[in-house]
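Undergrad: Need coordinates for the following:
(chains A and B)
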There are 2 protein chains.
Amino acid sequence: MPLYNAQVFIQLKDGILDPQGKAVEHALASLKFTGMSDVRIGKMIELQVESPNETQAAGNVEQACEKLLANPIIETYEFKLSQLNEAGA
Amino acid sequence: MPLYNAQVFIQLKDGILDPQGKAVEHALASLKFTGMSDVRIGKMIELQVESPNETQAAGNVEQACEKLLANPIIETYEFKLSQLNEAGA
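TA: Residues are numbered from 1 along each chain as shown, chains lettered A, B, ... in the order given. Okay, the predicted model is just below:
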């Protein structure tokens, strides 16, 4: 069965306070990094999905995002799929 | 001064154990998601950088990764820059 690599990017929605981002922003300023602002911390989750076709793989990853990986109330997610091997004969 | 959007992707190096990823993998299996494996959890950090040119912006972001955002001993990072506005006259 074809194997897909999925990269899932999860970020807080705009307008949701990001205290971790603020902390990093202050830390950057303390380290004399100037001109850096609007730090937002998100997650990147990489996983491999075995699925008969790309459409089903995408559906599975989307379900996994909705049910486990992301919190759809405060987070947005997007993902990229790339096929790792060819379908077996 | 031009403003750049930087997207920084930080991941554990290959071979470094990722307990959080393992936990997510087990949780996916408990939720009856089949065929998902090799879950690795990383970070995505988005920030805005004000800098006279893209080369300097990239240098600053790289320094920030080395000194604060990533732990270069166990993590790898890469980043993408995109310009948000044109340089003022």
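Undergrad: wait, what's in contact with residue A:47?
TA: Residue A:47 makes contacts with A:5, A:6, A:8, A:61, B:25, B:36, B:37, B:38, B:39, B:40, as judged by Cβ atoms under 8 Å, 6 or more residues apart in numbering or on different chains. C-betas here are computed from N, CA, C, even on glycine.
Undergrad: Doesn't it belong to a helix?
TA: No - Residue A:47 is assigned strand when assessed by DSSP: H, G, I helix; E, B strand; the rest coil, not a helix.
Undergrad: Narrow the contacts of residue A:47 to those that are buried.
TA: Neighbour counting by 16 or more other Cβ atoms under 10 Å in any protein chain shown classes A:6, A:8, A:61, B:25, B:36, B:39, B:40 among the contacts of residue A:47 as buried.
Undergrad: Across the sheet, point out what pairs with the last one.
TA: Residue B:40 has these beta-bridge partners by DSSP bridges: residue A:46.
Undergrad: Was I right to think it contacts residue B:21?
TA: Yes - with contacts counted by Cβ atoms under 8 Å, residue B:40 reaches residue B:21, the gap being 4.8 Å.
Undergrad: shared neighbours, these two?
TA: Residues within reach of residue B:40 and of residue B:21 at once, by Cβ under 8 Å, 6+ apart, are residue A:45.
Undergrad: Chain B contacts on chain A?
TA: Where proximity means Cβ under 8 Å from any Cβ of the partner chain, the interface of chain A facing chain B comprises A:1, A:9-11, A:21, A:24-25, A:27-28, A:31, A:33-51, A:60, A:63-64, A:67-69.
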